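Asks: Next input, structure requested:
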Amino acid sequence: MENTSYSIVTTTVEKEELALKLAGLITSSRLAACVQFWPIRSVYWWKGKMESGAEFILHCKTRTTLVPQLQEFIHSHHAYETPEIIVTPILDGHPPYLAWIEQETTPHD
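Replies: Purely as a prediction, here's the structure:
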């Protein structure tokens, strides 16, 4: 069964404290039901030069309808000149988990 009502938005930051701060801002804004992050090592091209560095990757679980708003939020709260913002549709998943994403990304009064 295919379901593209939900997506994972991925970004990276350079320090754990920045990952924690951004994850907290995103979830408190109800733009994602959950943000998970963990350390990674990246090797990449930047301005014509190969670079390498430690980063933290964040996976934000959200409703697809919120993706444009979440992308703008990440961009406006991000320190990188060109932040990674990649969207992966969730094609299928455990129905109660998907319902939880729906519930937690709906503003609560």
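
Asks: which ones are touching His78?
Replies: Applying C-beta atoms under 8 Å, 6 or more residues apart in numbering to His78 gives the contacts Thr11, Val13, Leu22. To be clear about C-beta, it is placed using only N, CA and C from the backbone, and glycine gets the same treatment.

Asks: Which of those lies at the shortest distance from Leu31?
Replies: For the contacts of His78, the closest approach to Leu31 (C-beta to C-beta) belongs to Leu22, at 10.8 Å.

Asks: do you know how far that closest one is from Ile74?
Replies: Distance, Leu22 to Ile74, by C-beta to C-beta, to the nearest Å: 7 Å.

Asks: residues shared between the contacts of the two?
Replies: Thr11.

Asks: all strands of the chain, in order?
Replies: For the chain, strands defined by DSSP state E occupy the ranges 6-13, 34-46, 49-63, 86-90.

Asks: Now tabulate those in a markdown table and tack on mean pLDDT and distance to Ala99.
Replies: Shown next, in a markdown table, are the strands of the chain (pLDDT from 0 to 100; distance: least, C-beta to C-beta, whole Å):
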| stretch | mean pLDDT | distance to Ala99 |
| --- | --- | --- |
| strand 6-13 | 98 | 10 |
| strand 34-46 | 97 | 13 |
| strand 49-63 | 97 | 11 |
| strand 86-90 | 97 | 13 |
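
Asks: Please name whichever of those is nearest to Ser28.
Replies: strand 34-46 (10.4 Å).

Asks: what's that closest one packed up against?
Replies: Judged by 3 or more C-beta pairs under 8 Å, 6 or more residues apart in numbering; DSSP states H and E, strand 34-46 is in contact with helix 16-28, strand 49-63.

Asks: Thanks again, I'm all set now.
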